[in-house]
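Asker: Take this sequence and fold it.
(chains A and B)
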2 protein chains.
Amino acid sequence: MPSAAPDTPTEDRPAGLLEVDAGVVDDFTALLSHGQRGMVLNLIADLYPADIALLLRHLPFDEARRLLRWLPPETAGDTVAELEDTFRASLLEDLPQHSLTQLLDALDTDDAADVLADLPEEMALDLLPTLEDTEDLTELLDYGEETAGGLMAREFVAIRPGWTFAEATEQVRRSSEEVDELYTAYVTESDGTLVGVLSLKQLLLSPADVLVRDVMETDFISVTTGVDQEEVGRIVQRYDLVSVPVLDEHGRLMGRITIDDVVDVIRDEAEEDIQIMSGLTGDEGTSDTIFRISRGRLPWLIVGLIGSGLSGSVITTFEGALQQAVVLATFIPIVTAMGGNAAVQSAAIAVQGLSSGELWVDDIFRRVGKEVAVAMVNGAVVAALLCTAVAVFDLGDPSLLVATLGLTMLTISVMATTNGALIPFILTRFGIDPASAMGPFVTTLNDILGLTVYFLIASYIYL
Amino acid sequence: MPSAAPDTPTEDRPAGLLEVDAGVVDDFTALLSHGQRGMVLNLIADLYPADIALLLRHLPFDEARRLLRWLPPETAGDTVAELEDTFRASLLEDLPQHSLTQLLDALDTDDAADVLADLPEEMALDLLPTLEDTEDLTELLDYGEETAGGLMAREFVAIRPGWTFAEATEQVRRSSEEVDELYTAYVTESDGTLVGVLSLKQLLLSPADVLVRDVMETDFISVTTGVDQEEVGRIVQRYDLVSVPVLDEHGRLMGRITIDDVVDVIRDEAEEDIQIMSGLTGDEGTSDTIFRISRGRLPWLIVGLIGSGLSGSVITTFEGALQQAVVLATFIPIVTAMGGNAAVQSAAIAVQGLSSGELWVDDIFRRVGKEVAVAMVNGAVVAALLCTAVAVFDLGDPSLLVATLGLTMLTISVMATTNGALIPFILTRFGIDPASAMGPFVTTLNDILGLTVYFLIASYIYL
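Answerer: Model prediction:
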C-alpha cells in the first residue's frame, strides 16, 4: 500500500497522516470483502475519525456497513459524528440496537442528539430510553436543530464562586473524562445561574487557596438557547471565542457550544448561501437520491421557465420590430448577459456587506449611489466595445444600430447594477435571506427588464 | 442613548453587549466632533474591540481617525486587528509614527505582521526597526500572506521533554503574558524540533513531578510554513483543532496558528468563492473606490460580452430560419435560461463535493451518470410544462413547435447539467479553482450551446 505509507508525507499536507485516497479505498474494499478483520482494525488505528469517515463515504455501501460494525464503539461514535446526515442515517439504519446504543453512549450529547435527530423517528424513540444520557438528550432534541440549544452539548465543568482554586481543579479532574475539549470552567450559583467564567490558564496559574470569585471574569459573552445558529457563528467569529455558554431565559447555564461545531455551522451556512445562489432548494448532498435531487432543482428551473417565458412574451410583443429588422435578434443574448452579470456582481457585494455588518440597511442610498457611478463607467466601456465591434463587423445600418446599442447597454448597466444592489437591502428589511437575490431571481428579472428597454430604444431609434 | 443600554438585551443577541447601531454611531459622531474625549472613552470601555471596529467603520472618516488617536494603545491595537485591510491602511496612514509603534507593539506578531503588510512599503520599512519584535516580524513578513507562515504567530509556549510538570507550569507562567490564547504547550528539543504536544488540561491535572515526555501526545497534527491557508483551514476543520503548530522543513517549531485566524480564513475563502461565482475579480470590498470596483468587474462583463456576441452570431447564422418564423425568437430567453440554470445547479454540487472531499476527481463518471439521470427527469418535466403552455396559448403551428421545444429542452437539460458537473472536475484536475465554473463562464457557454441545439432542431423539425 505505497500510497498510504505514513512516512512519505507530500509537500502540501501535514506529516504523519495516512491519506485516504482511491488506492487506500481499494485496499480496504478488498480486505473488508475478504473478512480480514484483524488487518483492517490494524490499519484503522492509524486513522483519525475524520479520515475513517472519508473512507466510509467512498467504500462500496456493503463494505462501509461492515467496517462500521467492526469498529470499536468509541471510534465508531467519533467517526459517525463526522458523517454527512443523509449518508449517516442510511448507514446506521440496520445496525443492531445494542451497537447503536454503545455507539451513541460513546458520543458527547450534542453529537448524539444530531445522530438521533436524523434517524427515523420510531427508531430514535426506541433507542432513547436505552441510553446513558436519556434525559439530557430528550432535552436537546426539543430545541430547534438550527438554534444554540440544538447546537450545544450538555457536558461542561461548573464550579461555584465560593470555592478555592484547589476545589475547582478537583472538579475539573472529576469532569475531565466526560468533558473532552476543555477551555473554560463555568462559575454558577446553586440555582445554575452563570455568574462568571474562568479560563484553564487562570486555573493553572493561580494559587490553590485563592477563591474563584476573586479571579473569575464576570464580563463574558453568552447566548440563549433560542438564538439562531447563524447568529451564534457570527458572535463566535466576531469576538474570537473558542466556546460560548448557552443560557435559558432565566440566565441558567444549559450547555456550551465549542468552536469545532461553530466552524461546521459557518461552513454549512456558506454552502447554503452558495446553493441558494445556484438555484438549489432543500440542501442537496452528493449522496442524495435522483428523486430528491430532482425535486430540489425543479422549483428554480420552473421559476426560470416562467420568467424566461415573460422575456419571450416581451420579444413577441415586439415581433413587428423583429420582422422589420431580424438583426435585432442577434443582440438578444448580449442584452440579457449584460443585465444578468451586472446585477449579480452588485448583488454579491451588497449581500456580503450586509452579512458581515460592513453595510447596514440604512446605508442603502449611499451604496446605490456608488453603484450607479460604477455602472456608468462599466456601461460606457462595454457600450464602446460593443459599438466598435458592430462597426468593425459592419452589421445592419451602423450609425443607428450603434446609437441603439450604446444607449441600451448604458441604460441596462445602470438599471441592473442598481436593482442588484437594492434587492438584498429590501430582502434583508423583510427578513428574507439576501443570498436569494443572487440566484436565478435577479437574472430572470433583468432579462425581462433588459429586453423591454432594448426593444423600446430600438423601436424609437432604429426603426 | 436608549438603543445602547446594556441592560436591555434583545431576544436574538447575547446579553450584556452594547450593540453598535445607527443611533450609537450618531451619538459618537456628536461626542467626537465636540471633543468630548472623557465621555467617549467612558462609553468605549463597554465595547469589545470588534464592536469598536464596527463603530470606526461607520463613523465619518475624520471622526474615526480622531477616535483611533484617543484609544489606549492596547485597545487601538486589538481594534485595528479587526478592521478590513483597505480601510485599515487608509485609517493608519496619517497616524504619528510613535502611536503606530505603540499600537503595533501591543499586538500579537501575526496581527502586527498583517497590519504592516497592508501599509505603504516605505512606511512599513520605517516602522519595523522601531518595534519590539523586529526580528520575528521581519521573518513573518517574508512568508506569503496566504500561507501557514503568513498566518502564524510567533508567540507560543515551548517546553522540553525532560522537564517535570512543575517546570513546565513555571514556563507557562513566564510566557502567559505574551501568549494570550493558550490551549497547548509545545514540547521541543533544544534545536527547536517539535516532538510532542501537551494540552492545558493535562498540565492542570498531572502531578507536579511527572516528566513531560511520559504524558505528552506524540501523535499530533502540524503544517509546514509553505502550506496554503485554504489547506490549513481544511485541516483544522477536519480534525477539530483549536490551534495547529507550524514547522519549517526540518521539523522545527516556527509558530502556531489559532482557531480565530482559521475561522477568518474559512470565511474569507467562502466570500472569495462567492465573488468568483458572481463574476468579480480582485476581492472587492465595500470601501473600495469606484475605479477599483469598476476594474474588478469589467473583466467578466467583457467576457460576457464576447460570449454573448458568439451566442448572437449563432442567431445570425440562423437568420434565415428566424425570417421564416419569427415565433422562434420568442423562445430564445427560455432556451438560454434553462441551460444556464441547469448547468449552475449541477456545477454547484460538484464544486461543493470536491471542496469538502465528498467527491474525488476519480468519481467523475459516477457523478456525471447520476446527473444525466436527474437531467432527464427535470428536462422532461420542464419540456412538458413548456409544451402545455405553448398548446394553451396557441402559439405558431402547435404540434411541430411542441415537438421542437420538447426535444430542445430535454437535450439542453442533459447537455447543460452534464457540462456543469464535468467542468469543476476538469478545472480541479488542472489546479484551477472550480468555483469559477459557477460564474459567467458556464452560463455563457451554455447560451452558445443551447442556442445552437435549438436552431438545429428547429431547422430540421419546424421549418
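
Asker: for the stretch 51-200 of chain A, what spans make up the helices?
Answerer: A:61-70, A:73-81, A:85-92, A:97-105, A:109-118, A:121-127, A:134-142, A:148-151, A:165-175, A:200-205 (DSSP state H, counting those that start in this stretch).

Asker: now the stretch 301-450 of chain A
Answerer: So, for the stretch 301-450 of chain A - with DSSP H, counting those that start in this stretch - the helices run A:319-324, A:327-330, A:332-356, A:364-393, A:398-429, A:440-461.

Asker: okay, the ones you listed, which one's buried deepest?
Answerer: helix A:332-356 (a mean of 28; mean count of other CB atoms under 10 Å in any protein chain shown). The C-beta positions use only the backbone N, C-alpha and C, and glycine is treated the same way.

Asker: If you count contacts, what does it end up packed against?
Answerer: helix A:364-393, helix A:398-429, helix A:440-461, helix B:259-277, helix B:290-317, helix B:332-356, helix B:440-461 (3 or more CB pairs under 8 Å, 6 or more residues apart in numbering or on different chains; DSSP states H and E).

Asker: circling back to that earlier point, let me have the helices of the stretch 51-200 of chain A in a markdown table, extended by distance to residue B:286.
Answerer: Below are these laid out as a markdown table (distance: least, CB to CB, whole Å):
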| stretch | distance to residue B:286 |
| --- | --- |
| helix A:61-70 | 46 |
| helix A:73-81 | 38 |
| helix A:85-92 | 35 |
| helix A:97-105 | 46 |
| helix A:109-118 | 35 |
| helix A:121-127 | 45 |
| helix A:134-142 | 39 |
| helix A:148-151 | 29 |
| helix A:165-175 | 45 |
| helix A:200-205 | 37 |
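
Asker: Output those helices in CSV; the columns should cover distance to chain B and mean pLDDT.
Answerer: Output for those, formatted as CSV (distance: least, CB to the nearest CB, whole Å; pLDDT from 0 to 100):
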stretch, distance to chain B, mean pLDDT
helix A:61-70, 13, 94
helix A:73-81, 9, 92
helix A:85-92, 9, 89
helix A:97-105, 18, 92
helix A:109-118, 11, 92
helix A:121-127, 25, 91
helix A:134-142, 18, 93
helix A:148-151, 10, 95
helix A:165-175, 5, 94
helix A:200-205, 5, 91
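
Asker: which of the ones you listed is buried the deepest?
Answerer: For these, the highest mean count by mean count of other CB under 10 Å goes to helix A:148-151, at a mean of 26.

Asker: Which strands or helices does it pack on?
Answerer: helix A:134-142, helix A:229-238, strand A:243-247, strand A:253-258, helix A:259-277.

Asker: Residues contacting the third one, please?
Answerer: With contacts defined as CB atoms under 8 Å, 6 or more residues apart in numbering or on different chains, strand A:243-247 is touched by A:148-149, A:151-152, A:156, A:181, A:183-184, A:186, A:194, A:197, A:220-225, A:232, A:235-236, A:253-259, A:262, B:15.

Asker: try stretch A:66-83
Answerer: So stretch A:66-83 is contacted by A:28, A:32, A:37, A:40-41, A:44, A:49-50, A:52-53, A:55-57, A:59, A:88, A:91-92, A:95, A:99, A:102-107, A:111, A:114-115 (CB under 8 Å, 6+ apart).

Asker: Identify the residue spatially nearest to residue A:105, adjacent ones excluded.
Answerer: Of all residues not flanking residue A:105 in the chain, residue A:132 sits nearest, at 4.9 Å (CB to CB, 6 or more residues apart in numbering or on different chains).

Asker: Give me the pLDDT value at the residue nearest to residue A:269 when sequence neighbours are not counted.
Answerer: Distances taken as CB to CB, 6+ apart put residue A:230 closest to residue A:269, at 5.3 Å, once the chain neighbours are dropped. Model confidence at residue A:230, given as pLDDT, is 91.

Asker: Also the one 3 residues further on?
Answerer: For residue A:233, the pLDDT comes out at 93.

Asker: show me the contacts for it.
Answerer: Taking CB under 8 Å, 6+ apart as the test, what residue A:233 contacts is A:262, A:265, A:266, A:269.

Asker: Name the nearest of these relative to chain B.
Answerer: residue A:266 (6.0 Å; CB to the nearest CB).
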